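[1] This is a predicted model, with the sequence first.
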Amino acid sequence: MRIATYNVNGVNGRLPVLLRWLEETAPDIVCLQELKAPEEKFPEQAILDAGYKAIWHGQKSWNGVAILSRGELPREIRRILPGDPEDAHSRYIEAEINGLTIGGLYLPNGNPAPGPKFDYKLRWFDRLIAHAEGLLATEKPVLLTGDFNVMPTELDVYKPESWVDDALFRPETRAAFAQLVAQGWTDAIRTLYPDETIYTFWDYFRNAFARNAGLRIDHFLLSPQLAPRLAAAGVDRQVRGWEKTSDHAPVWIELKD
DNA sequence: ATGCCGTGGAAACCACGA
């Protein structure tokens, strides 16, 4: 079974690219981020025609997350991250599909740092860590995936020294990710490829993709009950080279049945 | 060192992204 995550940077503007990628790679489950569409503007019919049933949490202009499934309709568990009733951003959606619990997330960017946006990022991270602890306590197979907006280590940044003050790479951000993983999660890509340079995002400008000036910020975290089923993982880099593409590439894992 | 590009929404520019 293949599960993918893809920050589309606008689900409607990206629809031709999204549909082509779904057709060519046929993942079983897909988590999308940055829909940039209100609830009623999600292209449900096009997704259905492509063979996927979907749940989504939209928002006007920004954010927005979805879970697509080729089989059964994802059974929605929650559509907000617990811990802050004031938080109106659509950045989290959680569902169960065939006995697997999947949390699809779009962690705040946090720039400029320091500042209120960085404070929001760290608070959101704290809420995620608290919720993730509860997910582990279920002792079920659980997957947390999406755009974490964190480069976990220097290996995940093309030029680490120029990112040390950035919200995606500051010590507080990396420490939060490390704290999350230390609960018992397996970082799928890094576990299968401990020493390789693997990126999931390249800026639109400065010729970043051609220079391979990238970042690894889209991640898969597997609970202990799920980790033994990890068979393969990768990045669909070619999609980043298509016309009218997102600045992120799709990332995927293969699970043994 | 830098939003230089791209998206969406409102308005013919701005917010936001990483």
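    Received the coordinates, thanks. What you are looking at is a predicted structure, and each value in this text was computed from that prediction instead of being measured.
[2] Please list the residues of the stretch 51-200 of chain A that sit near DNA strand B.
    Counting by C-beta under 7 Å from any atom of the strand, the positions of the stretch 51-200 of chain A adjacent to DNA strand B are A:60-62, A:108-109, A:111-112, A:117, A:147, A:149, A:162, A:166-168. Yep, even glycine has a C-beta here, placed from its N, CA and C like the rest.
[3] now, which of those sits nearest A:Ile253?
    Among these, A:Asp147 lies closest to A:Ile253 (C-beta to C-beta), at 15.4 Å.
[4] Could you report the neighbour count for the closest one?
    28 (other C-beta atoms under 10 Å).
[5] thinking again about what came up before, of all the residues of the stretch 51-200 of chain A next to DNA strand B, which two lie farthest apart?
    Largest pairwise distance in those, by C-beta to C-beta, is 33.7 Å, between A:Lys60 and A:Ser162.
[6] which residue does chain A bring closest to DNA strand B?
    For chain A, the residue closest to DNA strand B is A:Gly10, as judged by C-beta to the nearest atom of the strand, at 2.4 Å.
[7] so who does that residue touch?
    A:Glu34, A:Leu35, A:Lys36, A:Ala37, A:Ser246 (C-beta atoms under 8 Å, 6 or more residues apart in numbering).
[8] part of a helix, is it?
    No. Secondary structure of A:Gly10, determined by DSSP: H, G, I helix; E, B strand; the rest coil: coil, with no helix assignment.
[9] Relative to A:Lys41, how far out is it?
    11 Å (C-beta to C-beta, to the nearest Å).
[10] got it, and A:Glu94?
    22 Å.
[11] of those two, who's got more company?
    A:Glu94 (24 against 14).
[12] And the residues of the stretch 51-200 of chain A next to DNA strand B, which is closest to A:Phe220?
    Nearest member of these to A:Phe220, counting by C-beta to C-beta, is A:Asp147, at 11.7 Å.
[13] Next, the contact list for that closest one, please.
    A:Thr5, A:Asn7, A:Gln33, A:Glu34, A:Leu105, A:Tyr106, A:Leu107, A:Ile217, A:Asp218, A:His248.
[14] coming back round to it: what two of the contacts of A:Gly10 are the furthest from one another?
    A:Ala37 and A:Ser246 (14.1 Å).
[15] is it true that A:Lys41 touches A:Asn12?
    Yes. In this structure A:Lys41 lies within contact range of A:Asn12 using C-beta atoms under 8 Å: 6.5 Å.
[16] Distance from the chain centre to stretch A:53-69, please.
    Mean-position distance between stretch A:53-69 and its chain equals 12 Å (C-alpha atoms, centre = their mean, to the nearest Å).
[17] likewise stretch A:45-53?
    21 Å.
[18] what sits against A:Gly104?
    A:5, A:31-33, A:65-67, A:92-95, A:145-146.
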